[in-house]
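>>> I would like to see how this sequence folds:
(chains A and B)
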Amino acid sequence: MSTAASPIPGPAASSQRRSRDRRRSLDRFGDAALRAVCVAAALLAVVTLLAVGYQVAHGASPAISQFGLGFVFNAEWQPNLGAFGARPFLLGTLVSSLFALLIGAPIAIAIGLFLSLLAPKGVRGVISPLVEMLAAIPSVILGFWGLVVLAPFVDRNIEPWLHDKLGFIPIFGPPQTTGLSVFTASLILTIMIVPIIASISRDLFLSVPRDVQDGASALGATRWEVIRGVVLPSTASGVVAAALLGLGRALGEAIAVAQVIGAGSKMHLSLFETGDTLAARIANEFPGAITQMHKASLYYLGLILLAIGLTANLTAQWIGRRFDYRQAMAK
Amino acid sequence: MSGSFDPAAPLRPTGNLRRRRLVSHVAEYGATAAAVAAVAVLAIVVYTVISRGAAAISLDFLFEGEPDGIGPMLVGTAEIVAIGTLIAAPIGILIAVYLTEFAAGGRVDRLVRLTLDLVNGLPSIIIGLFVFGLLVNHHKQSGFAAAVALSIIMLPIVARGTQEVLVLVPGNLREAADALGVSRWRSVLTVILPSATSGIVTATILAVARAAGETAPLILVDSVWSGSEVSLDPFGPVPNIPVKIFRLSEEANPEALTQAWGAGLVLLSFIMFAGLGARALLARSKRRMAG
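Okay, here's the model as predicted:
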């Protein structure tokens, strides 16, 4: 771009100035337009999130006005009789997700440690993408696998064994005949959340400064003591946030759970009985729901799920942000 | 610690150190075992899908309609995902540009970031309920509604991925553009976005891979169709693969199960190849950016 102004005013210079002015006003317009479009896109995302909340609450409103908050604690779910309550599904959701987190979080953190600190570089480069690929398996395929392969296996092998050894604890009751159970659903959820928690915690562990770890090693700490004494404490809040994100994912999984949990609406102490979750019940019954109150009640289940899910995610963000903040302060 | 000093004794850890070493080794083996277990589960699932699905795969299966094949569902899924991408990619890229170029780190900025994280964490069944209330209730199910649902799922993936590569665009490119007197919008459109193209494509492919297998919202907004022939009208129900697999998996006869494995194999191989391609592209673009 030649911007050197010619000292002699003439027709050429004036046309140059005119084109420069035009360009300038075009640029001013372009800047404003790009900015406006970008802001609009960002606001659209915010509006979408609000609209999701509104739409779900709106869909639930007939059920809310009919049943009130008692819906959450009511154990009846009989669409034919017009009796609706969320308690079995709420409990099923919490039990299956928390159990999945209980099994999955230690495994995932161990994988994170392996991939960040223990594995040789070549191995890391192979295993890391494989673990992430586990997260890419669509839930409908994983659920189908759970239904056809995992459930019979669990039914024949794992459940009888656990009942034999730990049957005195009421949650390990007698196995049923199909393997469709809260326990199987938890195992499928575990498979879904392990890669999520593992890849976040791997990145967290990689962010721990090398010299601090070397310092601990130089003082004679073993590898485990470096992890236990330096790596885990300095990333603890981030790991908790990762676990909460995994929990949020498990709470909301509909399809895979619907395929393996057996859609029971009674509440049991035993993990080996059928059960159901909020998300799975919506996926199972919504397409066939005819009465308005049935639909509204399913929306109400969705509203409860949305509230729990948002709480888990917001808590994770909050803890994660505190972690970022502390890291920034330490630097 | 132990009695007398014997200079001839081999240097082996004893007592407390031996125990600490042992604990450390057990922990290392435990972590390794966890990683092996995850890979083993992946291998078992993929092996099952391939070994049982391969029996179903044939030209008829890929191109015919119901009851023998999944042709219309393949076309339909491609259509829905394509429309979803057309909605999500531009908006996601614009949000990323907003966050890297225009946001000043203020409140709105934080709100937008938080929103992306929360949308990313929304259960997909909730997105299905939302789109049902917005587009399907009082109207009818449609491929367009399904595309909108998928676009909401894709949006945070595209926005986050694009933002990550935009941050990597070398500062001197930006400064050079500024020094030449190039206005903001020109430098964004002609310098910054082009140099981040492969990263943006990567993010979009990852979002497509995620959306292609998404089932829960489609069950609510796009599940009433007969898959016997191709139907491309996005304002009517469009047959799609995930719902087909879900339906087949609930049937009892072995033929349906074989078909479900076959459809699963097609879907899974698309997703795996898309994921691998995206990963390769990302590695290449990162190398180039760093170099």
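>>> OK, contacts around residue B:69?
B:60-63 (C-beta atoms under 8 Å, 6 or more residues apart in numbering or on different chains). Using the backbone N, CA and C atoms, a C-beta is placed for each residue, glycine as well.
>>> Swap in 10 Å and give it another go.
Contacts for residue B:69 (C-beta atoms under 10 Å, 6 or more residues apart in numbering or on different chains) come out as B:56, B:58-63, B:227-228, B:259, B:262-263.
>>> Now do it against residue B:244, distance only.
11 Å (C-beta to C-beta, to the nearest Å).
>>> that older thread, hmm, which of the contacts of residue B:69 are the buried ones?
Using 16 or more other C-beta atoms under 10 Å in any protein chain shown as the burial test, the contacts of residue B:69 include B:56, B:61, B:227, B:259, B:262-263 as buried.
>>> Distance to chain A for those - can I get that in CSV?
Below are the buried ones among the contacts of residue B:69 laid out as CSV (distance: C-beta to the nearest C-beta, whole Å):
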residue, distance to chain A
B:56, 13
B:61, 17
B:227, 16
B:259, 11
B:262, 12
B:263, 9
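>>> got the residues you listed as a markdown table, with pLDDT and secondary structure columns?
A markdown table is the format used below for those (pLDDT from 0 to 100; DSSP: H, G, I helix; E, B strand; the rest coil):
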| residue | pLDDT | secondary structure |
| --- | --- | --- |
| B:56 | 87 | coil |
| B:61 | 84 | helix |
| B:227 | 80 | coil |
| B:259 | 91 | helix |
| B:262 | 93 | helix |
| B:263 | 93 | helix |
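>>> And the residues you listed, which two are furthest apart?
Farthest pair in these (C-beta to C-beta) is B:56 and B:227. Separation: 14.8 Å.
>>> so who does residue A:305 touch?
When contacts are counted by C-beta under 10 Å, 6+ apart, residue A:305 touches A:56, A:86, A:89-90, A:93, A:251-252, A:254, A:277-279, A:281-282, B:122-123, B:125-126, B:129.
>>> Please go through the chain and pick out the longest helix.
Since you didn't name a chain, this refers to chain A. In chain A, with assignment by DSSP state H, the single longest helix is helix A:11-67.
>>> Chain B, not that one
helix B:15-53.
>>> hmm, back to that, so what sits against both of residue B:69 and residue B:244?
By C-beta under 10 Å, 6+ apart, the residues touching both residue B:69 and residue B:244 are B:227, B:259, B:263.
>>> Can you tell me which of the buried ones among the contacts of residue B:69 comes closest to residue B:112?
residue B:263 (37.9 Å).
>>> What count of nearby residues applies to the residue nearest to residue A:313 when sequence neighbours are not counted?
Nearest residue to residue A:313 in three dimensions, chain neighbours excluded: residue B:121, at 3.9 Å (C-beta to C-beta, 6 or more residues apart in numbering or on different chains). A count of neighbours around residue B:121, defined by other C-beta atoms under 10 Å in any protein chain shown, yields 21.
>>> again with residue A:319
Neighbour tally, residue A:319, other C-beta under 10 Å: 18.
>>> Same question for residue A:219.
Residues near residue A:219, counting by other C-beta under 10 Å, number 10.
>>> That one against residue A:225, yeah?
Yes: at 9.3 Å, residue A:219 and residue A:225 qualify as touching, with contact defined as C-beta atoms under 10 Å.
>>> So which residues of chain A form helices?
Going by DSSP H, chain A shows helices at A:11-67, A:70-73, A:87-113, A:121-136, A:139-145, A:151-153, A:159-166, A:182-206, A:210-218, A:223-226, A:232-252, A:255-260, A:278-285, A:292-330.
>>> Determine which stretch of those is the most buried.
The highest average neighbour count among the helices of chain A, using mean count of other C-beta atoms under 10 Å in any protein chain shown, belongs to helix A:255-260 at a mean of 31.
>>> Would that one count as contacting chain B?
Yes: Helix A:255-260 is in contact with chain B by C-beta under 10 Å from any C-beta of the partner chain, via A:255-256, A:258-259.
>>> so where's chain B uncertain?
B:1-5, B:11, B:289-291 (pLDDT under 70).
>>> can you pull out the strands in it?
In chain B, no strands are found when defined by DSSP state E.
>>> can you give me the helices for it?
In chain B, the helices defined using DSSP H lie at B:15-53, B:59-63, B:71-97, B:107-121, B:124-131, B:143-168, B:171-179, B:184-187, B:193-195, B:197-212, B:216-221, B:241-249, B:254-290.
>>> Would you format those helices as JSON lines with distance to residue A:116 included?
Listed next are the helices of chain B as JSON lines, based on distance: least, C-beta to C-beta, whole Å:
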{"stretch": "helix B:15-53", "distance to residue A:116": "10"}
{"stretch": "helix B:59-63", "distance to residue A:116": "42"}
{"stretch": "helix B:71-97", "distance to residue A:116": "27"}
{"stretch": "helix B:107-121", "distance to residue A:116": "23"}
{"stretch": "helix B:124-131", "distance to residue A:116": "30"}
{"stretch": "helix B:143-168", "distance to residue A:116": "19"}
{"stretch": "helix B:171-179", "distance to residue A:116": "29"}
{"stretch": "helix B:184-187", "distance to residue A:116": "37"}
{"stretch": "helix B:193-195", "distance to residue A:116": "30"}
{"stretch": "helix B:197-212", "distance to residue A:116": "22"}
{"stretch": "helix B:216-221", "distance to residue A:116": "33"}
{"stretch": "helix B:241-249", "distance to residue A:116": "34"}
{"stretch": "helix B:254-290", "distance to residue A:116": "18"}
